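> Give me a model of this one.
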Amino acid sequence: MKFLPNRICTMLATAWLACVGLAPHLQAQEEGDAFAVSNRRVELLQRLTREYLADAGVAANDAQATREILRRFAQGEPDCPTGTISTAVRTDADVEQVAERIVAGLLEKKFPPLVVANLVTEAQARYPIYQKGDLVEFYYATNPQNVRKVRGVYGGRNARLVQIGAAAIQLEDIVRVKGNDDLVLRFDPAASEELRKTYVADRLAAYEEEKETYQAQATTYTRAKERERTWHENQAAGYLFVNQDWTTARDLVGSLIAEEKANIRRAIQAAAERELAEKRGRLAVAARQQAVLEPVIAAAVAADVEAEYAAYAKRQADAAAEPVPVAPETTPEATENDDDWAAGMAAAPAAPAPVAAEPPPAPAKLMPTWAYAVIAGVVLAGAVVGFLIYRQQAGGPSRELKKFFQGKGKVQRTFWQMADDNPQTFKYVAYRYTTAEEARQALLQLSYVNERVGGDLVCRHDVYFGYGPHQDKFVSFVGGEKLNYALWREASAVFPEYPGAEYFRVSTAPSVNLEIPNLDSLLADPELQIEHVENREGEGTDYSQYYVYRAPAKENALEFLKHASVQEAGLHVIVLTKEGVFGKDENGIYEEAMDLWAERYPEIFDEEI
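Alright, predicted model coming up:
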């Protein structure tokens, strides 16, 4: 029996409509229509989130934002729950179970189990076998022109003959008559039995193939219809379909808030980058204009100065050509003691011989007033350009933020926002304390935080610091992109030692900004003879990092230190020699006290020279 797809689809549709009561049509809805309710609600939540954060900004409290957005959402979608939904969401696993149950029922009705005995009976009727004693009748031909009919009792056969009654008829004479193929099989039990088995096997295989085809098509259709019904039920219960998964309005708002805040930050960063690019463009234009004007101004000034100096030189030459009047001789006045006067005359040096008068030194070249004005303008423009460049290079938040603040509200959120946005460069240490005064005193334990007259706290370094409430306690924190290793290490050691300290948040250690180009080559240089001893941290309240080397002489040590580049405080490159201990920090090369280092490394300083 052939499988007719159209007929089965019609039967499936009828069975499905009877089972689930859907509208009598076979065309499934498009997914866009199936999720129309969910899409409408999601779009409303997205719009409300954008509108709220456009007013409140990225510093808005997430919990407060969630409550307000859901309140507005409930006004637009009163039928959608904004809290926990009591009805469990129906999943694809539920769809699969229902579809399997429906298809199993259809298969049971459409394909009852086959009875093999019945198939065997059908095969026997399809391929009968003559038994001895059966009355048979058929035609045979001894030659094509001589066709005869025989009727009698079947008495058996051998390889060539069939015994009918008293007559022995050759098989080839039976085959010679057209249409006797099936008749010949009836006289061949072995061949007929094989055909019967093949018939039964073919019927069973056709049954299974038809059943499997029907089941596949029925499952596909049933899953689609059940999935569509599930979508509508989930949306009616208040679930939203987002990113191939079901969620609730409350859960979705949290992710929408985080996503929209990230979008706002990206927009702010893009706007800042555009503004920076525009400022750099204006600076480039100003620099080009200055480069064009400077040669013109210089040429004009030089021309006027040369002209004035030429005029001055001419006046000097004219004055030198006039005769010089000779002053009359004078005699010293008589004193009361002529002997003293004579002695004074004797002691006086002889009058020098007259020499040619030297020309007066050349006066400084003068510039006209307008040239000074032009130069002042250029200098002022350069100062403005330099200031703008400095502001651009400085970057980062306003300097006011880096002053001491009691970390409340937006300021504290800004600190942690910067820490989260730049975890690779923004380092920090934060601990909690019972009271605000304890948090304040914990800050004062740092060597680089002091108290001004009046109670304000100040920091000697360009970092953020402060304290503020967190739940029922107060958090002291210090951090920033310029919090170097020594400052970070000191805070990590001091904060937890203050009474009542609780761990809050501590970043990974800042990277050390130390460069020694070609270090491997320097250590391998047979003339320098530099050997690395160890890297160590300072002891006690010394939170510096030391990179210790040794050398045979002072000259070797100084040559090695020339190659080291130390860019931040708290880093020291130390070279131990018998002539002294020499180091280099961010301020340059210096000499250390030998006693301390000899105590730390006695095995080096006690060695025989």
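> Run through the stretch 101-250 of the chain and note the low-pLDDT ranges.
Applying pLDDT under 70 to the stretch 101-250 of the chain flags no residue at all.
> Tell me where it has strands.
Using DSSP state E, counting those that start in this stretch, the strands of the stretch 101-250 of the chain run over residues 135-143, 146-157, 161-164, 167-170, 240-242, 245-247.
> Dump those strands to JSON lines, plus mean neighbour count.
(Each C-beta comes from the backbone N, C-alpha and C, glycine too.) Converted to JSON lines, these look like this (neighbours: other C-beta atoms under 10 Å):
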{"stretch": "strand 135-143", "mean neighbour count": "15"}
{"stretch": "strand 146-157", "mean neighbour count": "14"}
{"stretch": "strand 161-164", "mean neighbour count": "20"}
{"stretch": "strand 167-170", "mean neighbour count": "15"}
{"stretch": "strand 240-242", "mean neighbour count": "20"}
{"stretch": "strand 245-247", "mean neighbour count": "16"}
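> Let's have those in a markdown table, adding distance to residue 64.
Conversion of the strands of the stretch 101-250 of the chain to a markdown table gives the following (distance: least, C-beta to C-beta, whole Å):
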| stretch | distance to residue 64 |
| --- | --- |
| strand 135-143 | 102 |
| strand 146-157 | 102 |
| strand 161-164 | 104 |
| strand 167-170 | 107 |
| strand 240-242 | 22 |
| strand 245-247 | 21 |
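> Compare the ones you listed and give me the one nearest residue 102.
strand 245-247 (22.4 Å; C-beta to C-beta).
> Can you list the strands that that closest one pairs with?
Strand pairing for strand 245-247, determined by DSSP bridges: strand 240-242 (antiparallel).
> what separates the strand it pairs with from the chain centre, distance-wise?
In terms of C-alpha atoms, centre = their mean, to the nearest Å, the centre of strand 240-242 is found 26 Å from the chain centre.
> and the lengthiest helix in the chain, what does it pack onto?
Of all segments of type helix in the chain, defined using DSSP state H, the longest is helix 249-321. The contact analysis (3 or more C-beta pairs under 8 Å, 6 or more residues apart in numbering; DSSP states H and E) places helix 249-321 against helix 36-56, helix 62-76, strand 240-242, helix 369-394.
> On the pLDDT front, check the residue nearest to residue 501 when sequence neighbours are not counted for me.
Among residues not flanking residue 501 along the chain, residue 431 sits closest, at 4.8 Å (C-beta to C-beta, 6 or more residues apart in numbering). Residue 431 carries a pLDDT value of 96.
> now swap in residue 64 and tell me
91.
> Could you give the number of residues near residue 255?
As a burial measure, residue 255 scores 13 neighbours (other C-beta atoms under 10 Å).
> next one: residue 133
Neighbour tally, residue 133, other C-beta under 10 Å: 9.
> and what of residue 444?
Around residue 444 there are 13 residues (other C-beta under 10 Å).
> State the phi and psi torsions of it.
phi -70, psi -10 (degrees, to the nearest 10).
> cool, and the one 10 residues further on?
Note on residue 454: its backbone torsions stand at phi 110, psi -10 [degrees, to the nearest 10].
> now swap in the one 10 residues further on and tell me
The phi and psi torsions at residue 464 (degrees, to the nearest 10) take the values phi -90, psi 150.
> Start the count at 285 instead of 1 going forward.
Right, with 285 as the first residue, what we last looked at is residue 748.
> On the pLDDT front, check it for me.
Predicted confidence (pLDDT) at residue 748: the value is 92.
> ditto for the one 3 residues further on
At residue 751 the predicted local distance difference test score is 90.
> helix or strand for it, which one?
strand 748-754 (DSSP states H and E).
> Of all the residues in that strand, which ones are buried?
Under the neighbour-count criterion of 16 or more other C-beta atoms under 10 Å, strand 748-754 has 748-752, 754 buried.
> my read: residue 454 touches residue 444, true?
Yes. Using C-beta atoms under 8 Å, residue 454 is in contact with residue 444, at 6.0 Å.
> any weak-confidence spans in this protein?
Within the chain, the ranges that satisfy pLDDT under 70 run 285-316, 578, 580-593, 596, 604, 606-696, 891-893.
> Secondary structure of residue 342: a helix, I assume?
No. Residue 342 is assigned coil when assessed by DSSP: H, G, I helix; E, B strand; the rest coil, not a helix.
> list the contacts for it?
545, 548-549, 701 (C-beta atoms under 8 Å, 6 or more residues apart in numbering).
> Check the spacing between it and residue 823 real quick.
Remark: distance between residue 342 and residue 823 (C-beta to C-beta, to the nearest Å) = 44 Å.
> Then residue 558?
Residue 558 sits 51 Å away from residue 823, going by C-beta to C-beta.
> neighbours around residue 542, how many?
12.
> residues contacting it?
residue 346.
> any idea how far it lies from residue 816?
Applying C-beta to C-beta, the value for residue 542 to residue 816 is 48 Å.
> same deal with residue 554?
Distance, residue 554 to residue 816, using C-beta to C-beta: 47 Å.
> In terms of residue numbering, what are the domains of the protein?
Using automatic domain parsing, the domains assigned to the chain come out as 289-395+503-531, 414-471, 550-601+652-679, 683-790, 798-889.
> now the fourth one: how far from the chain's centre is it?
Just to be clear, that refers to domain 683-790. Between the centre of domain 683-790 and the centre of its chain there are 27 Å (C-alpha atoms, centre = their mean).
> List of residues touching stretch 467-483?
By C-beta under 8 Å, 6+ apart, the residues outside stretch 467-483 that reach it are 403-404, 406-408, 410-414, 422, 441, 446, 455, 458-459.
> again, but for stretch 860-873
For stretch 860-873, contacts defined as C-beta under 8 Å, 6+ apart pick out 817, 832-838, 840-842, 845-846, 848, 850-853, 855-859, 874-878, 881, 885, 888-889, 893.
> Narrow the residues you listed to those in strands?
Applying DSSP state E to those, the entries found in strands are 817, 832-834, 850, 855-859, 874-876.
> Which one (most neighbours) among these?
residue 859 (27 neighbours).
> you'd agree that one is up against residue 837?
No. Look at residue 859 against residue 837 with C-beta under 8 Å: they stay out of range, at 10.1 Å.
> which stretches of the stretch 685-834 of the chain form helices?
Under the criterion DSSP state H, counting those that start in this stretch, helices of the stretch 685-834 of the chain are mapped to 693-705, 720-728, 769-778, 803-808.
> who's in contact with the most centrally placed residue in the chain?
By C-alpha atoms, centre = their mean, the chain has its centre lying nearest to residue 705, at 10.1 Å. Taking C-beta under 8 Å, 6+ apart, we find residue 705 in contact with residue 549.
> so residue 776 touches residue 715, yeah?
No. Assessed by C-beta under 8 Å, residue 776 is found out of contact with residue 715, at 9.4 Å.
> Comparing the two, which shows the higher neighbour count?
Neighbours per residue, other C-beta under 10 Å: of residue 776 and residue 715, the larger number sits with residue 715, 26 against 15.
> Could you report the distance from the more buried one to residue 401?
87 Å.
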